[in-house]
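> quick one, fold the following:
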Amino acid sequence: MNKYIDPFLINIPILDLHGETCDSARFLINDFINDNIKLRNYKIVLIHGKGSYILKDYVHSYLKKDKRINKYYLDINTGQTIVELNKK
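Predicted coordinates:
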């Protein structure tokens, strides 16, 4: 029997990047990742929105180069990316 996990009981940190430029998003993402590594949160969500995909493409290129990232993928909602951080 599979155990049901209520999604409302799981608290995943979220960073909303709506309205940010690529330069400001870089600093916000870096600080957010640093804070969550210190707090031992190894799964985070970055909301970049759908729009023209400029911010999404930038976020994904940033995550691809960051060695603290284990993997990242788009959620069912394509306006947000789920990021799994490395456990050291």
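
> need the pLDDT of residue 21.
Looking at residue 21, its pLDDT is 93.

> number of residues surrounding it?
11 (other CB atoms under 10 Å). In this view, the C-beta of every residue, glycine as well, is placed from N, C-alpha and C.

> without its sequence neighbours, what residue ends up closest to residue 86?
Nearest residue to residue 86, sequence neighbours excluded (CB to CB, 6 or more residues apart in numbering): residue 70, at 4.9 Å.

> can you pull the phi/psi pair for that neighbour?
The phi and psi torsions at residue 70 (degrees, to the nearest 10) take the values phi -80, psi -50.

> repeat that for residue 83.
phi -120, psi 130.

> same question, the one 4 residues further on
Reported as degrees, to the nearest 10, the phi and psi values for residue 87 are phi -100, psi 120.

> so what touches stretch 12-24?
By CB atoms under 8 Å, 6 or more residues apart in numbering, the residues outside stretch 12-24 that reach it are 25, 28-29, 32, 36, 39, 41, 43-49, 54-55, 58-59.

> which of these fall in strands?
The strands, defined by DSSP state E, take in 43-47 from these.

> what angle sits between the lengthiest helix in the chain and strand 43-47?
Of all segments of type helix in the chain, defined using DSSP state H, the longest is helix 22-38. Following axes from the mean of the first three to the mean of the last three CA atoms, to 10 degrees, one obtains 160 degrees for the angle between helix 22-38 and strand 43-47.

> so which bits of helix 22-38 are buried?
Using 16 or more other CB atoms under 10 Å as the test for burial, helix 22-38 gives 25, 29, 32-33, 36-37.

> fine by me, we can end here.
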